[in-house]
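1. Give me the fold of what follows.
(one chain, ligands or ions: 1)
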Amino acid sequence: MALLRSSFIPCSSQNPSSLLKNPALLPPTIQIRSHNIHIRCSISTSSNESTGTTTTKSQKIPWGCDIDSLEIASVLQKWLSESGLPLQKMAIQKVDVGERGLVALKNIRKGEKLLFVPPSLVITADSEWSCQEAGEVLKRNFVPDWPLLATYLISEASLMNSSRWEKYISALPQQPYSLLYWTRSELDTYLVASQIRERAIERITDVTGTYNDLRLRIYSNYPHLFPEEVFNMETFKWSFGILFSRLVRLPSMDGRVALVPWADMLNHSCEVETFLDYDKSSQGIVFTTDRPYQPGEQVFISYGKKSNGELLLSYGFVPREGTNPNDSVELPFSLKKSDECYKEKLEALRKHGLSASECFPLQTTGWPLELMAYAYLVVSPPNMSRQFEEMASAASNKTTSRKNIRYPEIEEQALQFILDSCESSISKYSKFLQGSSSIDLDVTSPKQVNRKMFLKQLAVDLCTSERRILFRTQYILRRRLRDMRTGELRALRILDGFKKFFKDTLFVVLCPLATYRRGGTGGDIRSSEGTPNGGGSSIQASLLCGQGTTFGSWDSSSIEAWRPPEA
Ligand SMILES: C[S@@+](CC[C@H](N)C(=O)[O-])C[C@H]1O[C@@H](n2cnc3c(N)ncnc32)[C@H](O)[C@@H]1O
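-> Residues are numbered from 1 along each chain as shown. This next block holds a predicted model:
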């Protein structure tokens, strides 16, 4: 998914693992003198299980603070002012949404520019390293921005007060809220119904793979610069957790990624659209308010147009039910193994970068045109084999071909196929939600209850919102299918009337149309209405009423297929 603007940025195009797989990244042989590392690592007995990493023991991160620590935040605020942050109209305070946040001290107008964090207080891949040699090694090896920044953060954190970022790092959460911190069994238990489970597993695998690559190719060659007591899977997971939840992309700085102290105390709201960016005229990081604030009100920005699942994945929270207009749910779809054209269809899909199983996002307003094309391909009969290619191409968001394809003769089966997948997914969500109905839904903070209860509530919130979208989709699909079928029935009755009236006289004329048979998937209401299935009766209503015609009072605007954001 492309990042349109700065928002805090976990972004699939920035897959850290694939970025690291750079052939230029070869083990160097130069010896460099050691740097002075102060370590405060302690072995914790926390509930963290190993997620397939190279370390077996879980270590408590010695840096950062409790996520709601205001004392340390005020030390940060003081240090920032002394280091060049201009006087602010906001202060860090305890807030209802997001534990700590920036709260207005004065009236703030809509359209006002705020923050003005100077570049000297921003961390980018070009920032100076306290341990210069460590930075040089990474740059000489062309380590990409994400793993470089992750290593930078650990390196600066380990140097404590010898690093200029000490006050900033101390105010970072010791355990960022992120699915990176969920164990495999927690993911399997709580996110069993949601595709976010797969995304979390992929992300954990990427982060683990990136760490293992760095360790093999670089850290192990410079143990004096990157000792394992400091640069290990636990510290790497922490620094990636910080990056996933706080890194921003700055559009006006050619999309550079940066950690922006102070600005990263802003929490997300689905009700605002404003985002952080570099402002050339004031030469600082700013955002422009898109609503007014009164003293005491928390000020928000947008982390981007993300679904609840994506917000949980990177930031560890789920917005209140029904408040996120960008919410969506990923639904898996597959070719049928029993399909006699399975091989041909798979070949067509592969040609366009797709596979036998694909996920598509559904929103309350509809589904992507690509999904409709995929559904056409799945249900299309052998006599449509010449269209497989066109369908597969339209199903791929990697091609620029026409997406809005229509095959009225198989539209009903295609919609029924989407409905079947939707209903099977709904039953998974319902099973999970029924099983968790006994948990206390008033839980709001991980400190109030144990970790498991907190994770369970996040999962319940996520699954409730995802199931809500599925229910809406189910409703729209059922109505549309019903309308199609009743329209079809009406058309069939007219046809039968004609047949009776003209007896054999006109039958010859109607015969070619009337003997058109559908491929036929489930949900055919005609037989239950007493209309014969065979002979000339199972003609597609759309053949009689014209291409693309829908029937009954169905409002097409409510089901407009939508395009997902450009990749
Ligand atoms: C960029 S930081 C914002 C500052 C953070 N609240 C702090 O105290 O350090 C992002 C983190 O803030 C929290 N957060 C942001 N927006 C939130 C929201 N709408 N609801 C709940 N938590 C939120 C999440 O823990 C997220 O990982």
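
2. who touches stretch 264-276?
-> The contact list for stretch 264-276 (C-beta atoms under 8 Å, 6 or more residues apart in numbering) reads 5-8, 73, 92, 95, 97-98, 100-102, 115, 246, 248, 250, 260, 263, 285-291, 298-304, 311, 315, 319, 323-326. Any C-beta I mention is one placed from the backbone N, CA and C, and that applies to glycine too.

3. Among those residues, which lie within helices?
-> Using DSSP state H, the members of these that fall in helices are 73, 246, 311, 315.

4. Buried among the contacts of stretch 264-276? Need that as a selection in PyMOL.
-> The PyMOL command for the buried members of the contacts of stretch 264-276 (criterion: 16 or more other C-beta atoms under 10 Å) is given here:
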select buried, resi 5+6+7+8+73+92+95+98+100+101+102+115+246+248+250+260+263+285+286+287+289+291+298+299+300+301+302+303+304+311+315+319+324+326
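
5. Please identify which of the ones in helices among the contacts of stretch 264-276 is nearest to the ligand.
-> Closest approach between those and the ligand, by C-beta to the nearest ligand atom: Tyr315, at 3.7 Å.

6. That closest one is in contact with Ser178, isn't it?
-> Yes: contact criterion C-beta atoms under 8 Å: Tyr315 and Ser178 qualify, at 7.0 Å.

7. Return every residue with contacts to both of those two.
-> Here Tyr315 and Ser178 share the contacting residues 244-245, scored by C-beta under 8 Å, 6+ apart.

8. now this protein, which segments are flagged as low pLDDT?
-> Scanning the chain with the threshold set as pLDDT under 70 gives 1-59, 437-449, 499-567.

9. How many residues are close by the closest residue to Ile61 other than its chain neighbours?
-> Sequence neighbours aside, Trp238 is the residue nearest to Ile61 in space, at 4.6 Å (criterion: C-beta to C-beta, 6 or more residues apart in numbering). Using other C-beta atoms under 10 Å, Trp238 has 28 neighbouring residues.

10. mind listing what Trp238 touches?
-> 61, 63-64, 154, 174-176.

11. Need phi/psi at Arg291.
-> phi -160, psi 160 (degrees, to the nearest 10).

12. and it, how far is that from the ligand?
-> 15 Å (C-beta to the nearest ligand atom, to the nearest Å).

13. thought that residue was touching Glu112?
-> No: here Arg291 lies out of contact with Glu112, judged by C-beta under 8 Å, at a distance of 10.4 Å.

14. So the chain: which segments form each domain?
-> In terms of domains, the chain is parsed into 12-315, 327-567 (source: automatic domain parsing).

15. what's the closest non-adjacent residue to Ile108?
-> Tyr293 (4.2 Å).

16. ok so, going back, most tightly packed of the domains of the chain?
-> Across these, averaging neighbours per residue (mean count of other C-beta atoms under 10 Å) puts domain 12-315 on top, at a mean of 18.

17. Show me how far it is from its chain's centre.
-> Domain 12-315 sits 18 Å away from the centroid of its parent chain (C-alpha atoms, centre = their mean, to the nearest Å).

18. all helices of the stretch 351-500 of the chain, in order?
-> 369-379, 388-395, 408-435, 451-502 (DSSP state H, counting those that start in this stretch).

19. The longest one near the ligand at all?
-> So the one you mean is helix 451-502. No: Helix 451-502 stays clear of the ligand (C-beta under 6 Å from any ligand atom), getting no nearer than 10.2 Å.

20. Next, the angle helix 408-435 makes with that helix.
-> Note on geometry: by axes from the mean of the first three to the mean of the last three C-alpha atoms, to 10 degrees, helix 451-502 and helix 408-435 are set 150 degrees apart in direction.

21. Report all helices and strands that helix 451-502 contacts.
-> Here helix 451-502 touches helix 184-190, helix 308-315, strand 329-334, strand 357-362, helix 408-435, helix 507-514, helix 541-545, going by 3 or more C-beta pairs under 8 Å, 6 or more residues apart in numbering; DSSP states H and E.
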